[in-house]
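Chemist: Can you look at this prediction? I've put the sequence above it.
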Number of protein chains: 10
Amino acid sequence: MIETLPNRYAARPFLVELVHGEFTSISPLTGAPDFGSLTIRYVPLDNLLELRSVGEYLTGFRDRRILQEEVVNVVLDDIVVAAQPYWVEIEGRFNARDGSLTMRAVARSGEDPTQ
Amino acid sequence: MIETLPNRYAARPFLVELVHGEFTSISPLTGAPDFGSLTIRYVPLDNLLELRSVGEYLTGFRDRRILQEEVVNVVLDDIVVAAQPYWVEIEGRFNARDGSLTMRAVARSGEDPTQ
Amino acid sequence: MIETLPNRYAARPFLVELVHGEFTSISPLTGAPDFGSLTIRYVPLDNLLELRSVGEYLTGFRDRRILQEEVVNVVLDDIVVAAQPYWVEIEGRFNARDGSLTMRAVARSGEDPTQ
Amino acid sequence: MIETLPNRYAARPFLVELVHGEFTSISPLTGAPDFGSLTIRYVPLDNLLELRSVGEYLTGFRDRRILQEEVVNVVLDDIVVAAQPYWVEIEGRFNARDGSLTMRAVARSGEDPTQ
Amino acid sequence: MIETLPNRYAARPFLVELVHGEFTSISPLTGAPDFGSLTIRYVPLDNLLELRSVGEYLTGFRDRRILQEEVVNVVLDDIVVAAQPYWVEIEGRFNARDGSLTMRAVARSGEDPTQ
Amino acid sequence: MIETLPNRYAARPFLVELVHGEFTSISPLTGAPDFGSLTIRYVPLDNLLELRSVGEYLTGFRDRRILQEEVVNVVLDDIVVAAQPYWVEIEGRFNARDGSLTMRAVARSGEDPTQ
Amino acid sequence: MIETLPNRYAARPFLVELVHGEFTSISPLTGAPDFGSLTIRYVPLDNLLELRSVGEYLTGFRDRRILQEEVVNVVLDDIVVAAQPYWVEIEGRFNARDGSLTMRAVARSGEDPTQ
Amino acid sequence: MIETLPNRYAARPFLVELVHGEFTSISPLTGAPDFGSLTIRYVPLDNLLELRSVGEYLTGFRDRRILQEEVVNVVLDDIVVAAQPYWVEIEGRFNARDGSLTMRAVARSGEDPTQ
Amino acid sequence: MIETLPNRYAARPFLVELVHGEFTSISPLTGAPDFGSLTIRYVPLDNLLELRSVGEYLTGFRDRRILQEEVVNVVLDDIVVAAQPYWVEIEGRFNARDGSLTMRAVARSGEDPTQ
Amino acid sequence: MIETLPNRYAARPFLVELVHGEFTSISPLTGAPDFGSLTIRYVPLDNLLELRSVGEYLTGFRDRRILQEEVVNVVLDDIVVAAQPYWVEIEGRFNARDGSLTMRAVARSGEDPTQ
């Protein structure tokens, strides 16, 4: 479960970026593992993401069969539910697999008040 | 043939970027091979590009005689027909050949709803 | 204490960026040290930040128990009080710790007159 | 002479970038050789630049006495005459010479319809 | 003294960037040498900066006692007087010194007609 | 199972190096995943390692609980049994985990006839 | 065919290294293309390798079905026959393919008199 | 305290390298913090170094006043006592401090049986 | 002409390495220019190479028709005549030209007393 | 003056490397400043070099007229007199100046007991 900490600086929108360099899941098409990195960028409102729980949440994809394009959307939805930030963006970068293509996917939710 | 998978997150426009680092075709001017990389950036509507079929489609240029500037336009047209995305951008980068000039070409179609 | 020098060019807004590559503090959650870099970007009004005192101020976090997200907000507030610049931005980058996530946080205050 | 090929995709403005990494000319101030790279970015209308002829055109500066700042303007004028593109930008980067200063110069002509 | 050459392409605003990688001056606070690089970006009107004289001008700071933040403002003023460009920007980057902080400062004058 | 192909050039000792950039196993001390890369260098005698089977063999560590220092020794023993090369060297590089230490381990078997 | 030029400096052994960055052949196991680079290092006796013919020779592997480990041995044999050098070493580096393993292979013939 | 694990592969000498990128101690000359990285290379006999305890041991230098040249010798002695390896080498790399000099120091003990 | 300065430290053999990054000559096979870098490593006896004259000597190849393999041998002979060093090594690195092959050539004369 | 500290680990020869990245002196041929870096590698006997004094010693070359080849020999002699180490090596790397040649020079004294 993604846990949160209270944001003592909620009055001032600021950006936080977390990068997990060891993301791995299972391709639902081939059953082989996918590897890559997952970046979470968000502007917290009342809650800060607690890093250890986010790390464990992302490690939990290790045995899930899920398309790379869907990973970023699932993480986006889960972060919104857990932390209700002003704005959040999820970026996944995946190593080349079938067809020798690397994949990058980026999904966003909300408006970034710091821009 | 470029195949597609249904996009379960069509309600939320998001960006996907695929990079093929081993593109090769034949120069119609000299008959010698061209080498480079081909990047596809798109915002899917109802269809996700299926990676293995895109890889095979791009590998299929190996024996085609085609100008580097035309490669990006041909791929752009074929992606639009196959996947009908919100927006798509094709970028080709080619190694130096005649005249010791490297070549980069970028073509786009549609409006990017994520910007 | 953060000290200042008089800005002889206050009539012309200009950007100053200071990078401290050896920031360390203590995690209030685990008691283990955090490591990273701290960047201060500001447009001075009447005062320039005096570098040696800023370096000593940042070194003073070595024994403080403070969340990484809070570090950037604390430094932001202290710079505003000490130098009253037109605009200031604090960026912290921290090495991976719990959950194998690197952290970057950016907070700003004021309007940048040079943009 | 700069030669051209017909642009079969003139209906869709797209960007082409050519980089020549071995540009050399002669300094009119010292008589010593200058070295650098020359980049041509353009959006073709009816004509594509033919790469071998552009390479030979740029190699032709080898024995010309010309200021680095003037090189980019001369190439810009010659490309406009030869290919009449929507838009063209020339960027020269030159190694350090007198006074130990590297030089970069950028000149443009027309409006870029792809932006 | 900064010398100039006539700009034969004054009718077309274009960008010139000069980088001097061996800037050194003396800190007025400690008497120890500062080291860094100095970049001049400008859009010439009637005058081009003559490189050898600019190099000698910048080398002339070797024995001056001057704050790093003031260097960029002094060079900015001197370039404006010498060449009266449309627009000019000076960027200094200095190695870490007191307090282990690197410093970057950027000052501008005029409006850039190429943007 | 590691499979082999017949080496048609057994009469001339030559070096082969295979790098698997997506190695992952489970720490027996913490139960958390380890990530890294695994390099196999060998001089074949009668058998070449078949790449797809080696990739599947290394992917098979995904659910094994094994110390990083033991991974290189286990792989070394398995390669010797499968391919009986003149010489083989296994190098593992693992990301920082407990105690923020990266780990590299190298084990060898046999004499390298190409040195 | 690999052609040669007479070596006017045969009395003094010296090293020559040629790198071809665009090697491609066909995997005999999967029928898919392999990509990589091929390096030839040799100490000439009476013959220098003529570069254009070597480039065409290496381009000729484009439609051959051949194992990556065999490529370096075939090129080695062909260079020895064509140029009879003191010493020659062939190194191939191939992109990841089956099993996500990159491959490097190195074969040598003769004694290097420059060591 | 540095803890160890039993080495199940003691019969085959192999190399292990641990890198701690966040070493910090206090200069006995100035009282200011030193920063750098510490690398331990060893060939284990009966004992493997346990990573978490080594990380905590190295973190324990945070409040010690010790010369950089002495750090590598102290760590060397402590590793020898704790693990009694065949061979061990300690390398410290420290950021520039007084006099703007970076420092690297390397000390060894024992004979490396893998060379 | 290559000029020399007296070596005041002839009693102690030491290494000097000079790198010229802007070497260009003309291919005798195609008439097109070659580009690359030229490195001179030597151990002086009674004479130091005077840098400006060496630079002018190397610039003098700009209009010579000469094979890349011969360049290093010609420079080697000329340095030996001019400076009579203990030992000298010439390394040329040339950009890809005919056949898309980069070229590196290394020739030596004498014994290096510093090894 | 170069100062020293007592070496408490004189019984075990170990390597120390100091790098000064901001070396500058004056060319006796042109009167213009030279810039580069100076590396000192030594194996201490009874004395460690004190870093602040070495930094001040090297800064003292700022106004000296001296050939780059002589700098390394002068520093070598001064270190030997000040610290009497087992072995010492001085390496200077200097930016391109007359003739566009970069310069590297390396001189040594004594036998390295750690090899």
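Modeler: Arrived safely, thanks for sending. Every value quoted in this text rests on a predicted model; they were computed, and no experiment measured them.
Chemist: What's the local residue count around the residue of chain A found nearest chain H?
Modeler: Chain H sits closest to residue A:21 of chain A, with a gap of 14.6 Å, by C-beta to the nearest C-beta. Glycine gets a C-beta too; all of them are placed from N, C-alpha and C. Using other C-beta atoms under 10 Å in any protein chain shown, residue A:21 has 16 neighbouring residues.
Chemist: How about it, nearest residue that isn't a chain neighbour?
Modeler: Using C-beta to C-beta, 6 or more residues apart in numbering or on different chains and skipping residues adjacent in sequence, the residue nearest residue A:21 is residue A:37, 4.8 Å away.
Chemist: what's the answer for residue A:14, then?
Modeler: residue C:107 is the one closest to residue A:14 (C-beta to C-beta, 6+ apart), at 3.7 Å.
Chemist: What residues of the helix or strand where the one you found lies count as buried?
Modeler: Following DSSP states H and E, one finds residue C:107 within strand C:101-110. Across strand C:101-110, burial judged by 16 or more other C-beta atoms under 10 Å in any protein chain shown covers C:101-109.
Chemist: Pull the CA coordinates from it and hand them back as PDB.
Modeler: Extracted C-alpha coordinates of strand C:101-110, given in PDB (Å, rounded to 0.1, in the frame of the first residue of the first chain):
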ATOM      1  CA  LEU C 101      14.000   5.900  -5.100                       C
ATOM      2  CA  THR C 102      16.000   9.000  -5.900                       C
ATOM      3  CA  MET C 103      14.300  12.300  -4.900                       C
ATOM      4  CA  ARG C 104      14.300  15.700  -6.400                       C
ATOM      5  CA  ALA C 105      12.300  18.600  -4.900                       C
ATOM      6  CA  VAL C 106      12.000  22.200  -6.200                       C
ATOM      7  CA  ALA C 107      10.300  25.100  -4.400                       C
ATOM      8  CA  ARG C 108      10.100  28.800  -5.500                       C
ATOM      9  CA  SER C 109       9.200  32.200  -4.100                       C
ATOM     10  CA  GLY C 110       8.600  35.500  -5.900                       C
END
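Chemist: which stretches of chain A aren't confidently modelled?
Modeler: Residues of chain A meeting the criterion pLDDT under 70: A:98-99.
Chemist: and the residue in chain A positioned nearest to chain G, what is it in contact with?
Modeler: Per C-beta to the nearest C-beta, residue A:96 is where chain A lies closest to chain G, at 7.2 Å. Residue A:96 makes contact with A:102, B:21, G:96, according to C-beta atoms under 8 Å, 6 or more residues apart in numbering or on different chains.
Chemist: all strands for chain A, in order.
Modeler: Assigned by DSSP state E, chain A shows strands spanning A:4-6, A:15-26, A:33-43, A:47-49, A:87-94, A:101-110.
Chemist: looking at these, which is closest to residue B:54?
Modeler: Among these, strand A:101-110 comes nearest to residue B:54, with 6.2 Å by C-beta to C-beta.
Chemist: I'd like to know which elements that closest one is packed against.
Modeler: Contacts defined by 3 or more C-beta pairs under 8 Å, 6 or more residues apart in numbering or on different chains; DSSP states H and E place strand A:101-110 against helix A:68-83, strand A:87-94, strand B:15-26, helix B:51-59.
Chemist: Distance to residue F:74 for those - can I get that in CSV?
Modeler: Rendered in CSV, the data for the helices and strands packed on strand A:101-110 read as follows (distance: least, C-beta to C-beta, whole Å):
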stretch, distance to residue F:74
helix A:68-83, 31
strand A:87-94, 28
strand B:15-26, 33
helix B:51-59, 32
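Chemist: Go through the ones you listed and name the closest to residue E:54.
Modeler: Distance to residue E:54, taken as C-beta to C-beta, is lowest for strand B:15-26 among those, at 41.7 Å.
Chemist: Show me what that closest one is packed up against.
Modeler: strand A:101-110, strand B:33-43, strand B:47-49, helix B:51-59, helix B:68-83, strand G:15-26, strand G:33-43.
Chemist: Output that strand as CSV, restricted to C-alpha atoms.
Modeler: Extracted as CSV, the C-alpha positions of strand B:15-26 are listed here (Å, rounded to 0.1, in the frame of the first residue of the first chain):
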residue,chain,number,x,y,z
LEU,B,15,2.3,10.0,-24.9
VAL,B,16,4.0,6.8,-26.1
GLU,B,17,7.5,6.9,-27.7
LEU,B,18,9.1,3.9,-29.5
VAL,B,19,12.7,4.0,-30.6
HIS,B,20,14.1,1.5,-33.2
GLY,B,21,17.9,1.8,-33.2
GLU,B,22,18.7,-0.4,-36.1
PHE,B,23,16.9,1.1,-39.1
THR,B,24,18.5,0.4,-42.5
SER,B,25,17.3,1.0,-46.1
ILE,B,26,18.9,1.4,-49.5
